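# Here is the input, now give the coordinates:
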Amino acid sequence: MENLLNDIFGTAKEISPGIFALRTIVVGVMLYIEGRVLPHRSGGPLAGYDFVFFWMMGGLTAAPLFEAKISILNTVVVVTVIYLLHYLISYLAVTNRTFARLVMGQAVPIISGGKILRHNLARNYLPLELLLSDLRTVDAPNLSEVEFAVLETNGHISVLKKSDYQPVTPKDLNIATGRSGLPAILVNDGKVIIENLAQLGYDEKWLKNELMKKGITDIQEMYVATLDSAGELYYSVKNQG
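Numbers count the residues shown, from 1 in each chain. So this is what the prediction gives:
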C-alpha cells in the first residue's frame with residue numbers, strides 16, 4: 001500500500017498505465033477544485049468543469065512531445081479516463097438537479113430591477129468595468145436600459161432590457177408598459193420546483209390544474225415547464241425529444 005501511494009503521489013522512474021490513470025484522477029480532482037474557486041468569468045464560454053477537463057486533456061495529450069518518459073500508451077489511458085470522467089459528470093448533471101447545482105454552480109443576478117447588485121459583483125470578482133464591457137457586447141451599453149442581468153455559469157452575461165428599450169419598443173408607440181421579468185422554472189425533468197412556485201404565490205395543485213387544461217395528466221412526463229412575467233405557461237414533454 002505504501003509503495004502504491006508513493007507511486008501515485010511521489011516520484012518514480014517508470015509509471016505503469018494503471019498508476020498513470022490513478023494520478024490522472026488525483027490531478028483531475030485538484031484541477032476541478034481550482035476551477036470551482038475561480039470566478040465564473042474565468043471559464044469563458046465553457047462551464048467550469050468543461051473548462052478544467054478540456055484544458056487538462058489538451059495538456060496531457062501533448063505531454064509525450066515534451067517528456068520522453070511518458071509513453072503514448074499512458075497518454076491514451078489518460079485521455080480515455082478523462083473522457084469517461086467528463087461523460088459521467090455530464091450525465092449526472094443532466095439526470096440529477098442537485099448534482100448539477102454542485103458541479104455547474106448557479107446563475108447569479110447582477111442587475112435586478114435596474115439596480116446593480118454590488119455584493120454579487122464582489123462575490124464573483126466582477127469589476128464594474130468588465131460588467132460594462134460585457135453589456136456593450138450584447139447591445140446594452142447604457143445601464144439605464146437594463147432591467148435584469150445575470151452572470152451565467154459559463155461566464156456570459158445575459159441581459160433583459162427594460163420593456164421601453166426592447167426592439168420595436170412600446171415607448172416609440174407611446175404605449176405604457178409594465179415591468180418585465182425572467183421566466184421561472186416550475187418543472188425540471190419531471191420534478192416540480194416547489195420553491196419557485198411558492199415565490200410566485202402558487203402551489204402544486206395550481207400547476208397540475210394548469211397542465212390539465214393543456215392535456216398533461218402526469219407531471220413526470222414533463223421535461224420542462226416555465227412561467228413568464230406575463231403569466232404565460234410554457235411546457236415541453238419528454239417524448240418530444
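# where does this structure dip in pLDDT?
Low-confidence segments of the chain (pLDDT under 70): 7-14, 27-28, 30-52, 58, 61-62, 64-72, 167-181, 239-241.
# change it to 50
Counting by pLDDT under 50, the ranges of the chain that qualify are 39-45, 241.
# where do the helices sit along it?
2-9, 17-37, 48-61, 63-66, 72-95, 97-104, 118-123, 128-137, 194-199, 204-213 (DSSP state H).
# Tell me the buried residues in stretch 99-109?
By neighbour count on 16 or more other Cβ atoms under 10 Å, the buried set for stretch 99-109 is 100, 103, 104, 105, 107, 108. Glycine gets a C-beta too; all of them are placed from N, C-alpha and C.
# centroid residue for this protein?
residue 153 (3.8 Å; Cα atoms, centre = their mean).
# surely that one meets residue 106?
Yes. Judged on Cβ atoms under 8 Å, residue 153 makes contact with residue 106 at a distance of 6.8 Å.
# picking that back up, could I get the helices of the chain in CSV, plus columns for distance to residue 165?
Rendered in CSV, the data for the helices of the chain read as follows (distance: least, Cβ to Cβ, whole Å):
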stretch, distance to residue 165
helix 2-9, 57
helix 17-37, 36
helix 48-61, 32
helix 63-66, 51
helix 72-95, 35
helix 97-104, 31
helix 118-123, 22
helix 128-137, 12
helix 194-199, 26
helix 204-213, 31
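# looking at the ones you listed, which is buried most?
Ranked by mean neighbour count, the helices of the chain are led by helix 48-61 with a mean of 18 (mean count of other Cβ atoms under 10 Å).
# and the buried residues of stretch 99-109 as TSV, adding distance to residue 139?
Listed next are the buried residues of stretch 99-109 as TSV, based on distance: Cβ to Cβ, whole Å:
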residue	distance to residue 139
100	30
103	31
104	27
105	26
107	20
108	21
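# any idea which of these is closest to residue 129?
Of all these, residue 129 sits closest to residue 108, with 18.0 Å by Cβ to Cβ.
# burial count for the residue nearest to that closest one when sequence neighbours are not counted?
Using Cβ to Cβ, 6 or more residues apart in numbering and skipping residues adjacent in sequence, the residue nearest residue 108 is residue 151, 4.6 Å away. Residues near residue 151, counting by other Cβ atoms under 10 Å, number 27.
# ok, what's across the strand from residue 151?
residue 108, residue 157 (DSSP bridges).
# got it, and residue 226?
With DSSP bridges applied, residue 226 shows beta-bridge pairing to residue 185, residue 234.
# So it is in contact with residue 188, correct?
No. With contact defined as Cβ under 8 Å, residue 226 does not reach residue 188; the gap is 9.5 Å.
# Enumerate every residue touching residue 17.
Residues near residue 17 by Cβ atoms under 8 Å, 6 or more residues apart in numbering: 73, 74, 77.
# Mind putting those residues into a markdown table with distance to residue 210?
Shown next, in a markdown table, are those (distance: Cβ to Cβ, whole Å):
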| residue | distance to residue 210 |
| --- | --- |
| 73 | 58 |
| 74 | 57 |
| 77 | 52 |
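# Good, we can wrap up now.
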